[in-house]
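Asker: Got a predicted structure here, sequence first:
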Amino acid sequence: MARVLTPVDLWSNAFQAAMIVAEAQAVIAMRMWGLAGIWSVTPSENSRMVSEKAFALTRAATDAGTAALRGRRADQVVAAAMKPIRQKTRANARRLAKRGYRKR
């Protein structure tokens, strides 16, 4: 028997989406500061910010498709799609935050 969808299931996805937005905004800010010479970033940061999006999007679509084909509920399909994106935004935010302001 399938488990019944609860409000917590829906709030969990909403929380994950909010965290993706917050972390993505922080990453964008730190990368823009890096382009302006304010934040310490590696020389490969510009190419990294483009290449990682394709991988994360492909992984999200694949995971969501797999969940849907396995007959998961809609909230579980959405959660599967958000997971690789959230992993990438969390990792980027942590990595860039550790670098800090550029020392002159």
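Answerer: Yes, it's here.

Asker: In this structure, where is pLDDT below threshold?
Answerer: Within the chain, the segments meeting pLDDT under 70 span 1-2, 104.

Asker: Tell me which stretches of it form helices.
Answerer: 7-35, 45-69, 74-99 (DSSP state H).

Asker: For stretch 88-104, list every residue counted as buried.
Answerer: The neighbour-count check on stretch 88-104 (16 or more other C-beta atoms under 10 Å) flags 88-89, 92-93, 96 as buried. For glycine as for every other residue, the C-beta is placed from the backbone atoms N, C-alpha and C.

Asker: which one of those is nearest residue 33?
Answerer: Each of those was checked against residue 33 using C-beta to C-beta; the closest is residue 96, at 9.2 Å.

Asker: Which residue, neighbours along the chain excluded, lies closest to that closest one?
Answerer: Closest residue in space to residue 96, ignoring its immediate chain neighbours: residue 30 at 4.2 Å, by C-beta to C-beta, 6 or more residues apart in numbering.

Asker: same question, residue 81
Answerer: Going by C-beta to C-beta, 6+ apart, residue 81 has residue 64 as its nearest residue, at 3.7 Å.
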